[in-house]
Each structure stands twice: as structure tokens, then as C-alpha cells.
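K.L.:
My questions concern the predicted model and sequence given below.
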Amino acid sequence: QITLKESAPTQVKPTQTLTLTCSFSGFSLRTNGVSVGWIRQPPAKALEWLALIHWNDDEDFSPSLKSRLTVAKDTSRNRAVLTMTNMDPADTATYYCVKTVRDYDPLTSYYPIYFEYWGQGILITVSS
Amino acid sequence: DIQMTQSPASLSASVGDRVTITCRASQDISNYLSWYQQKPGKAPKLLMYGASKLQRGVPSRFSGSGSGTDFTLIISSLQPEDFATYFCQQSYGTPPWTFGQGTRVEIK
């Protein structure tokens, strides 16, 4: 059974750095093709993809947030960590940790990524 | 970035109705599109991927179609547990992978 769970301080002050940990079970980030990522959702708004870390240590970031994000993985402890610097009230949102699934298109040899498993989410409020 | 536009933003329907939700991409994304269902206070759930492939465990009353820029999610006979918000998401090329703004399905 695959599970993911986010942990972080739920209240952060403006300009502080958020460290968001994703603890998961039922899979390994050492396995070829496995990726873990983060998606956020401001209250009553749409979903926004933030970042991915892949089994091979590759990383992907939302271009609009790239300068503020770092990711890391601890495969021995089945954890992945997202760090977001210079937090702002506009960053108030529910943050989800996700595990991807890769489909395969034989016509293009492309592996599109979809978000198959989600954590329960954690609401992070940025306020002074 | 590829923009995803869903319509309608919300709809009211009755149990047993056929419901259609559309999603339009700002450029050709082939069939690299997925649909998610989100209930209040819960994480989204993957329903469809590759535009028309049903995620395991999802009821067959859900179906998806489309390619290029125009996509559709159909619920053939709406059930009480289907009242939720639905999001589309594109997975074309390089990041960022973007979502539509959502379609809320409400009880009439």
C-alpha cells in the first residue's frame, strides 16, 4: 500500500523559509522511473505544480518559483524534502506531496507524468 | 506555460444525469492529459490519464476523450458520490505541468 504524508510547521512568518517533508511508504525513490513531487492549492483555488525529484536525482521546478525552491531526497528514510525560501502571504495554501506514474507513448517514446498518489495535504499559513 | 481552460466553471445536475466537462489547452498537447476528482477537504484523486485511460479502481461511468487541444470528461450516469470538483492537467513536454481551474459539480 502506497502512502504519503506531509509534515511542516503550519504557521510561517513572511520572509521565513518553509521546510516541507514528505514521508512515504510502499515504494522507493531508488526505483527506476519513480518521482515524488509537490503541488499546492490556495484556499478555494486551483492546483499549482511546484517541483519534482526523480529516482535518478534529476529535479524539475516550476519556472516561476525556481529561484525559491530546493528539493532533496533521503532514500534510506523514505523521505523527500521541499524547501521554499522568502515565504509570503500569497504562499498560503494546502501543500500536497505526490508520487507520479509514468505512461508511455510508443509513437514518440515519451513518458508523460501524472500524479497517481497524493498525501492528505497540509495547510501552511503565512502571516505575521 | 501551457494554459488549461475548463468549462463550465460549475454545473448543477441530478443523480442519473449525463455530465460533460471540457478542457482546452493553449497549444497541442497530444493526448497527455489527465483528470482528477477532488472532494471538499480531501486530496485530488487521479481518474483518467492519457486522455482516455481509466485509472484502476475508477468506475466505468467515467470516460475521457480528446487529443490536441480539446478534451472531454464524461460521467455517463451521475452518482451521489460524484459530486465534487474536477481538474484537468497537461503533461506535455517540459515543465511546468499545469492544471485547469476546476469544474464544480453540484447537486441540482
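P.N.:
Everything's here; your move. Bear in mind that the values here come from a model prediction, so they are computed numbers and not experimental data.

K.L.:
So what are the sheet partners of the helix or strand hosting residue A:40 and their directions?
P.N.:
Using DSSP states H and E, residue A:40 sits in strand A:35-41. Strand A:35-41 sits in its sheet next to strand A:48-54 (antiparallel), strand A:93-102 (antiparallel), going by DSSP bridges.

K.L.:
now the most centrally placed residue in chain B, which residues is it bridged with?
P.N.:
For chain B, the residue nearest the mean C-alpha position is residue B:35 (3.7 Å; CA atoms, centre = their mean). Judged by DSSP bridges, the bridge partners of residue B:35 are residue B:48, residue B:88.

K.L.:
With residue A:80 instead?
P.N.:
Beta-bridge partners, per DSSP bridges, of residue A:80: residue A:22, residue A:73.

K.L.:
do the same with residue A:118
P.N.:
Applying DSSP bridges, one finds that residue A:118 bridges with residue A:98.

K.L.:
how far away is it from residue A:60?
P.N.:
Residue A:118 sits 18 Å away from residue A:60, going by CB to CB, to the nearest Å. Yep, even glycine has a C-beta here, placed from its N, CA and C like the rest.

K.L.:
Would you state the secondary structure element containing the residue of chain B most remote from its centre?
P.N.:
Within chain B, residue B:94 marks the point farthest from the mean C-alpha position, 21.2 Å out by CA atoms, centre = their mean. Using DSSP H and E, residue B:94 sits within no helix or strand.

K.L.:
what does chain B put close to chain A?
P.N.:
Within chain B, the residues that sit near chain A (CB under 8 Å from any CB of the partner chain) are B:1, B:30-32, B:34, B:36, B:42-46, B:49-50, B:53, B:55, B:87, B:89, B:91-92, B:95-102.

K.L.:
ok, now which ones touch the nearest residue to residue B:79 once chain neighbours are set aside?
P.N.:
Once flanking residues are discounted, residue B:79 sits nearest to residue B:15: 6.5 Å by CB to CB, 6 or more residues apart in numbering or on different chains. Contacts for residue B:15 were tallied using CB atoms under 8 Å, 6 or more residues apart in numbering or on different chains; they are B:78, B:79, B:80, B:107.

K.L.:
and the last one, what does it touch?
P.N.:
This means residue B:107. Contacts of residue B:107 (CB under 8 Å, 6+ apart): B:12, B:13, B:14, B:15, B:83.

K.L.:
Which one of those is nearest to chain A?
P.N.:
residue B:83 (16.6 Å; CB to the nearest CB).

K.L.:
Might one say that the closest one is in contact with residue B:106?
P.N.:
Yes. Contact criterion CB atoms under 8 Å: residue B:83 and residue B:106 qualify, at 6.4 Å.

K.L.:
State the pLDDT value of residue 46.
P.N.:
Went with chain A since none was named. Listed pLDDT for residue A:46 reads 94.

K.L.:
hm, I was asking about chain B
P.N.:
With respect to pLDDT, residue B:46 has a value of 98.

K.L.:
The residue nearest to the centre of chain B against residue B:85, yeah?
P.N.:
No. Using CB under 8 Å as the test, residue B:35 is too far from residue B:85 to be in contact (11.2 Å).

K.L.:
Would you map the helices across chain B?
P.N.:
Shown for chain B, no helices are assigned by DSSP state H.

K.L.:
Show me where it has its strands.
P.N.:
B:4-7, B:10-13, B:19-25, B:33-38, B:45-49, B:53-54, B:62-67, B:70-75, B:85-90, B:103-107 (DSSP state E).
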